[in-house]
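A.B. asks: coords below, sequence missing:
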């Protein structure tokens, strides 16, 4: 279970940030609304990695999202901020560790943090996985294909008790089914912050869901996708990059992060 306790005032401010005014449930329909609104309002981004700022969990992550109008990584969004909001609204929340598939092989343990919400059926909730994530929660106890605006998702049992999540026939996550606490992810977070092989150090990205698709800023390249349509623009200077952060992601930065010279993978 999440250990971050959110009071009523902060919970209301969080809901205002994501554009959810009326409280219902806690049920699956309201959970669906909360996840979709969060994905559209709060970006999945790693800007602080490149500003030399430590990634903090727990209430610090909540404050970053709610008070400072920022997004964050999966550890901040899935591991701290969003589960705290869900708990404040009466949902039963657990954290899950995941391996991320790179090609046809899963990566190291706890590479990704996801959320399980029981209301009463178990749902996979993810607001920090970029373009490979679902827009809506997914039923973890179903082995049937689940249609989503972001693709067709399906869970497959593994012999050791884990679940593989497929998107459009391609494995994207291997999910542990036993609950974790946020402290379990600290050593991996240290690796992401410090290792030269870290994809977060070698990529600068900020991405969020839109009504029609997705908008992503990778360094100085702004990409909009709407279904099969994709438009890419290279921003010409720092002023344009600053405006892009403000206009598309609601982020006002005191200084711009340096753009890494090597890019690995496509988180957004």
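C.D. replies: Everything's here; your move. Just so it is clear, the structure is predicted and the values come from calculations on it, not from any experiment.

A.B. asks: does residue 174 really touch residue 96, like I thought?
C.D. replies: No: applying CB atoms under 8 Å as the test, residue 174 and residue 96 come out as separate, 10.6 Å apart. (Glycine included, C-beta is placed from N, CA and C.)

A.B. asks: what ranges of the stretch 1-150 of the chain fall below the confidence cut-off?
C.D. replies: 1-3 (pLDDT under 70).

A.B. asks: in it, which spans are helices?
C.D. replies: Here the stretch 1-150 of the chain has its helices, by DSSP state H, counting those that start in this stretch, at 8-18, 28-41, 47-50, 59-66, 74-76, 82-88.

A.B. asks: Quick one: list the elements packing against the second one.
C.D. replies: Spelled out, that is helix 28-41. Packing contacts for helix 28-41, counted by 3 or more CB pairs under 8 Å, 6 or more residues apart in numbering; DSSP states H and E, involve helix 8-18, helix 82-88, strand 122-125, strand 205-209.

A.B. asks: Roughly how far does residue 179 sit from residue 197?
C.D. replies: Separation of residue 179 from residue 197 (CB to CB, to the nearest Å) stands at 29 Å.

A.B. asks: same question, residue 252
C.D. replies: Here residue 252 is placed at a distance of 32 Å from residue 197 (CB to CB).

A.B. asks: Neighbours of the spatially closest residue to residue 138 that is not a sequence neighbour, how many?
C.D. replies: Excluding the flanking residues, the one nearest residue 138 by CB to CB, 6 or more residues apart in numbering is residue 124, at 4.5 Å. Burial measure for residue 124: 23 neighbouring residues, criterion other CB atoms under 10 Å.

A.B. asks: Please shift the residue numbers so they start at 763 in all later answers.
C.D. replies: That works, and once the first residue is 763, the last one we named lands at residue 886.

A.B. asks: right, and residue 886 touches residue 898 too?
C.D. replies: No: in this structure residue 886 lies outside contact range of residue 898 using CB under 8 Å: 10.1 Å.

A.B. asks: that older thread, want to try TSV for the helices of the stretch 763-912 of the chain, with distance to residue 891 and mean neighbour count as columns?
C.D. replies: Output for the helices of the stretch 763-912 of the chain, formatted as TSV (distance: least, CB to CB, whole Å; neighbours: other CB atoms under 10 Å):
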stretch	distance to residue 891	mean neighbour count
helix 770-780	17	16
helix 790-803	10	20
helix 809-812	17	20
helix 821-828	16	21
helix 836-838	6	27
helix 844-850	12	25
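
A.B. asks: Show me the one of those that comes nearest residue 951.
C.D. replies: Closest to residue 951 of those, according to CB to CB: helix 836-838, at 5.4 Å.

A.B. asks: What are the contacting residues of the closest one?
C.D. replies: Under the contact criterion CB atoms under 8 Å, 6 or more residues apart in numbering, helix 836-838 has outside partners 806, 817-819, 823, 826-827, 874-876, 888, 890-891, 944, 947, 951.

A.B. asks: likewise stretch 905-922?
C.D. replies: 893-898, 900-902, 904, 925-931, 936.

A.B. asks: First-to-last residue distance for stretch 993-1009?
C.D. replies: End-to-end distance for stretch 993-1009, by CA to CA, to the nearest Å: 17 Å.

A.B. asks: Same check on stretch 1009-1020?
C.D. replies: End-to-end distance for stretch 1009-1020: 20 Å, by CA to CA.

A.B. asks: OK, contacts around the nearest residue to residue 972 once chain neighbours are set aside?
C.D. replies: Distance criterion CB to CB, 6+ apart; nearest residue to residue 972, sequence neighbours excluded, is residue 802 at 6.7 Å. Residues near residue 802 by CB under 8 Å, 6+ apart: 780, 781, 970, 971, 972, 973.
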